[in-house]
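Participant: with the sequence up front, the predicted model follows.
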Amino acid sequence: MPNGEIGGQRSEVRGLGFSLLCVAAMAACQMADDGDRGAPATYGLGTPATAAEVAALNTDVAPDGQGLPPGSGDAEKGAALYAAQCASCHGAKGEGAPGNPPGPVLVGREPREGFNFGNDPKLVRTIGNYWPEATTLFDYIKRTMPLSAPGSLSDSDVYSLTAHLLAANEILPAGASLDSASLMAVTMPAKDKFVPDNRRGGSGAVR
Amino acid sequence: MAKRLGKADREQPDPGTNGDITRREALEGIAGTVGAVIATTIPVGVAAQAAASTPTQATVALAAPARLMGAPTSAVGTRSPFAPPAGRTPVGNPVGSSLTPLHSLSGSITPSDLHFERHHAGVPAIDPATHKLVIHGLVDRPLSLSVDDIRRFPQVTRVHFVECSGNGRPVWVSPAPDMTPQRTDGLTSNSEWTGVPLATLFREAGAQAAASWFLAEGGDACMMTRSVPMDKAFDDALVVWAQNGEPLRPEQGFPLRLLLPGWEGNANVKWLRRLELGTKPWMTRWETSKYTDPLKDGTARIFSLVMDAKSIITTPSVPTKLSGHGWRSVSGIAWSGRGRITRVEVSADGGATWHDAELQGIVHPKAHTRFAMMWNWDGSGTVLLSRATDETGYVQPTRKALMDARGSGTDYHNNAIRGWRVEPDGGVYFHWET
């Protein structure tokens, strides 16, 4: 073929319908496989992502500490930063503020016992009573806050704000300092409250 | 007249009985001056069409369009001025949502400009010429793909709904009789999407067998990130660039969007710019503190991604008032995140008896399906309900069953049976006591 070859479309998306088809008729699977013939191992499209390109984008932080940057901060500096950059939306003490949408409540440990959110619609989710991972706080502040200038805080500022909010929620002592190691060591009050999705299709019980 | 007239009949002029202009007089008037009309009144005719909202001489005359030169061709069409769309509401919030006017739509496809919106940091303006999708992490070949690169891969076109897991939340939290389908369930929309299977892109990058989760990141100001199990990539996930035959709308993620058919809207990350493969979920704010579901046993579901089967009657509904007893079509939409809708039953007596509605058009998996049934209303008060079943055999539950199973404090994923109370005067009100 002087002008190239055709027939490289691969049946990638199979899903439930395909699986059922396979059970019902092996011949159908053979036909589908025939359709794959001629598909190359790769199409050779795109360009290699360089380490620098990935590093510039890859700013997320995971619960195992992956992505936590060097640096440190403390709750005292965090309180000053909070007053200047956060309080207008979240309230002076993290109690939330009116707006459209309202500024979310950040601070609160009630209820101290139990986790009664499923039965009490009035309970308000906070960092102290609902968030399962402390790294989420660092990740979210660093990448998303403040809403008017996301990404504008230095890593040390983010450690300080994280320390302040964890202290305000009585998870760290007042004045605590924070770096990557001490952040990974924090266990959140709601850590063990989350369960996998047990909803299923079919005619079983409502879940 | 002894005959009781329906609304449509009453709007027709009754020739010879009063001083109103009649259809015949209007047509004769045009015919008598036809040369002058064609030469001079085309703009006037178009303007009159635009301005007319009540049966006037202009609308009667336009009932004979062959006698009046119409508007010229245009690059991009517009809706009839006689039927302006019920728009999305509310509007003007960069952090918030706008709802699809389900009660004003027909069929199963949502017009692209009426697809619901949910933004967490507004709609970014992204130049497709410079936009890149980067795939990295547990891959053999980290890749940077331009939009043009992505459009060169084998493409597929599929019809799927996107539904926010918060759809129906206002019903759960604060139901009210004057709620329209837009207010109860307007956070779902259905489109024909075109794109490339995510599996193709992962194969291209050399996804490693150890990868069990991937992180999808958007290019909006909040850098929306969600963790997704790898199985979904090798099931039916897509990276799409087109919606209903044209490029994605900016509100829907232009130039690229992750589409996870049947899974909660937030995970269908818009303005997609990065996919990172790993072994555990990242536990982002959205999938921990936000889109999780507290249960009555003192736990909370996490990664509750599938949208359960659901249906809603959209006609009749609030804000309609029934114009008279007799036959009328009862119609709505049904959908399931687990596959095809196989059955929709409608009750016109508050759930005492149920009747199979007709499923219209091609029933796509994980897509809105239009259902319809004829109903001969006898004029008495009643309740209209719909109940969907999907191909797994799952049946849409009642409000009571769902609340008993989960507790009153959970409010996402509300797929319970809902309907409309019809009063003898034709008034229609939202009904949630199921």
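Facilitator: All right, it came through fine.
Participant: in chain A, what residue lies closest to chain B?
Facilitator: residue A:201 (2.9 Å; Cβ to the nearest Cβ). All C-beta atoms are positioned from the backbone trio N, CA, C, and that covers glycine.
Participant: can you report phi and psi for residue B:382?
Facilitator: Here is the backbone geometry of residue B:382 (degrees, to the nearest 10): phi -160, psi -180.
Participant: repeat for residue A:136
Facilitator: phi -60, psi -40.
Participant: make sure the residue of chain A closest to chain B is actually in contact with residue B:338.
Facilitator: Yes. Counting by Cβ atoms under 8 Å, residue A:201 does reach residue B:338; the two are 4.4 Å apart.
Participant: any shared contact partners between those two?
Facilitator: Taking Cβ atoms under 8 Å, 6 or more residues apart in numbering or on different chains as the criterion, residue A:201 and residue B:338 both touch B:390, B:392, B:394.
Participant: quick one: residues contacting the closest residue to residue B:375 other than its chain neighbours.
Facilitator: Nearest non-adjacent residue to residue B:375, counting by Cβ to Cβ, 6 or more residues apart in numbering or on different chains: residue B:330, 4.8 Å away. By Cβ under 8 Å, 6+ apart, the contact list for residue B:330 reads B:313, B:315-316, B:346, B:348, B:357, B:372-375, B:384.
Participant: so residue B:171, which state does it fall into?
Facilitator: helix (DSSP: H, G, I helix; E, B strand; the rest coil).
Participant: near it, how many other residues are there?
Facilitator: 20 (other Cβ atoms under 10 Å in any protein chain shown).
Participant: that one and residue B:186 touch, don't they?
Facilitator: No. Counting by Cβ under 8 Å, no contact exists between residue B:171 and residue B:186, whose distance comes to 11.2 Å.
Participant: chain center to whichever strand or helix holds residue B:328, what's the gap?
Facilitator: Applying DSSP states H and E as the criterion places residue B:328 in strand B:326-335. Here the centre of strand B:326-335 is set off from its chain's centre by 16 Å, with Cα atoms, centre = their mean, to the nearest Å.
Participant: wait, which of the shared contacts of residue A:201 and residue B:338 is closest to chain A?
Facilitator: residue B:392 (2.9 Å).
Participant: could you find the closest non-adjacent residue to the closest residue to chain A within the stretch 201-350 of chain B?
Facilitator: Proximity to chain A, evaluated over the stretch 201-350 of chain B using Cβ to the nearest Cβ, is greatest for residue B:294 at 3.4 Å. Distances taken as Cβ to Cβ, 6+ apart place residue A:117 nearest to residue B:294, at 3.4 Å, with adjacent residues excluded.
Participant: mind listing what the one you found touches?
Facilitator: Contacts of residue A:117 (Cβ under 8 Å, 6+ apart): A:123, A:125, A:130, B:294, B:300, B:409-410.
Participant: among the residues you listed, who's most crowded?
Facilitator: residue B:294 (27 neighbours).
Participant: bridged to that one, which residues?
Facilitator: residue B:300 (DSSP bridges).
Participant: where exactly do the helices run in chain A?
Facilitator: For chain A, the helices defined by DSSP state H occupy A:15-24, A:26-36, A:51-57, A:75-85, A:87-90, A:134-144, A:155-168, A:180-184.
Participant: about what we covered before: between the contacts of residue A:117, which sits nearest residue B:431?
Facilitator: residue B:410 (21.3 Å; Cβ to Cβ).
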